[in-house]
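Visitor: show me how the following folds:
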Amino acid sequence: MVAAGVSGVAGDAVTRAAFDDDTATWAWTAAGGQTHRRAVLIVAPRSIESPWTPEIAGCATFLGDSWHAAEIPVSVDFSDKRVAVIGGDSAAAHLIGRLIGAGASVTVFAHSPRRVVAEIPLWSDRARAWVRGRARPGTARRAPVVPSSAIDAVTVTGIRTTDGRERPFDTLVYGTGFAVAERVPDDALVGSGGVTLRQAWPAGLEPLCGVAVRGFPNCFFLTGPDLAAQARYIAACLRVMRRTRSGRIEVRGSSQQVFNERAQLKPAPPPPPASAFDLSGNAPESDDTFEGPATLRVADAEHPVRVRLTGHLDPIDGRYHWQGTVFASPERPLSPAALRQARTATLTVGERSAPARIVEQTPWGTHSVAGVGAPPYAVAGS
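Guide: Sure, this is the predicted structure:
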């Protein structure tokens, strides 16, 4: 990045940085109180992010080892260990190959996604079928086991799933993403229009290519794990600014969203993703969450369902975005034919109703829904 114009590294800890829309520059304050101003800010966010792990029932009783995927010591030996990976963030994705290479028995459990995305395109399903039909026996790599049932609780010796089965494990690895660290003040990083980092990332870190965030012009993040590739991306952006004599560069919100939605759809060994979950499983613990009975109306049919929904007010577009999972009743399953004909529905919780979009059916038989606007459940302050 030196060749691209990066000429200095802050010698002291930076306590606050804010973007000035009038001058298109960043003003940052060092721990010693000195204030500096630069056109471009590059942040190594290990100082502002914190690995996030969910409070799963019984997790404190597990007698084996447990780590977040980003905090596992290099010296840990996984040889012949039974490892459960909970969630699928980027840190866990890079770790799975290491686990299998060490001879570990790996089971991957999905954790509730923050963002639901469009179903996997038909062409990719056909491509997988074509490859599987032509692969010679013995050439396939070992792949993790992906149970069809969700986690019900962690036990003393392993994990119990909702089908009542208990699986023993030696180690639990959480791949559930990152959150803005509690120790970081709200005004530690302030972007365009006064948007804070927590407002831009209400439920976890979600930059484009791990580098750029909507609402933070001329600001780049080095989030890892592929720091070399991210450095090349930043250098390319700086060269574009210099070549075009531009004083401001910022990722489009649509580009950031599409990148994070597609990131989990790209085949990556091992294994090819069976569904699409967000890079971060972190969901805010707030009143803007609902879990309970509801009614889903598809076409002219009403289905009693159980839902788990969450949402937030997007500081960029000013609209409320909500999403979640629908669990159909075994007595009244959702008709696949009806869902193919109507991807829109109405979701009702008590006296509240809202239009919803049925996004996809997950490998576990549930359905993902999403909506924009007033949700079908009460939110804080409403």
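Visitor: can you give me the offset of stretch 218-238 from its chain's centre?
Guide: A distance of 19 Å separates the C-alpha centroid of stretch 218-238 from that of its chain, computed with C-alpha atoms, centre = their mean, to the nearest Å.
Visitor: got the buried residues for it?
Guide: Counting neighbours by 16 or more other C-beta atoms under 10 Å, one finds that the buried residues in stretch 218-238 are 218-224, 230-231, 233-235, 237-238. C-beta coordinates here come from the backbone N, C-alpha and C atoms, glycine included.
Visitor: which of the three states applies to I96?
Guide: helix (DSSP: H, G, I helix; E, B strand; the rest coil).
Visitor: same question, Q199
Guide: Applying three-state DSSP to Q199 yields a three-state assignment of helix.
Visitor: between the buried residues of stretch 218-238, which is nearest D300?
Guide: Using C-beta to C-beta, T223 comes nearest to D300 of the buried residues of stretch 218-238, at 47.3 Å.
Visitor: Q230 is in contact with that closest one, correct?
Guide: Yes: taking C-beta atoms under 8 Å as the contact criterion, T223 and Q230 are neighbours in contact, 7.1 Å apart.
Visitor: which neighbours do those two share?
Guide: G210, V211 (C-beta atoms under 8 Å, 6 or more residues apart in numbering).
Visitor: any stretches of the stretch 101-250 of the chain with poor pLDDT?
Guide: Along the stretch 101-250 of the chain, the parts satisfying pLDDT under 70 run over 111-142, 178-186, 201-206, 224-226.
Visitor: picking that back up, in strands only, show me the buried residues of stretch 218-238.
Guide: C219, F220, F221 (DSSP state E).
Visitor: now do the strands in the stretch 51-200 of the chain.
Guide: Ranges of strands in the stretch 51-200 of the chain, per DSSP state E, counting those that start in this stretch, are 65-68, 82-86, 105-109, 151-154, 158-161, 166-168, 171-174, 178-180, 189-190.
Visitor: was I right to think Y174 contacts E55?
Guide: No: between Y174 and E55 no contact is recorded; they are 11.2 Å apart, counting by C-beta under 8 Å.
Visitor: so what secondary structure elements neighbour the helix or strand harbouring T15?
Guide: Taking DSSP states H and E as the definition, T15 sits inside strand 14-20. Under the contact criterion of 3 or more C-beta pairs under 8 Å, 6 or more residues apart in numbering; DSSP states H and E, the helices and strands touching strand 14-20 comprise strand 25-30, strand 189-190.
Visitor: can you list those in TSV and add mean neighbour count and distance to K81?
Guide: Supplementary listing: the helices and strands packed on strand 14-20 in TSV, determined by neighbours: other C-beta atoms under 10 Å; distance: least, C-beta to C-beta, whole Å:
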stretch	mean neighbour count	distance to K81
strand 25-30	18	44
strand 189-190	24	39
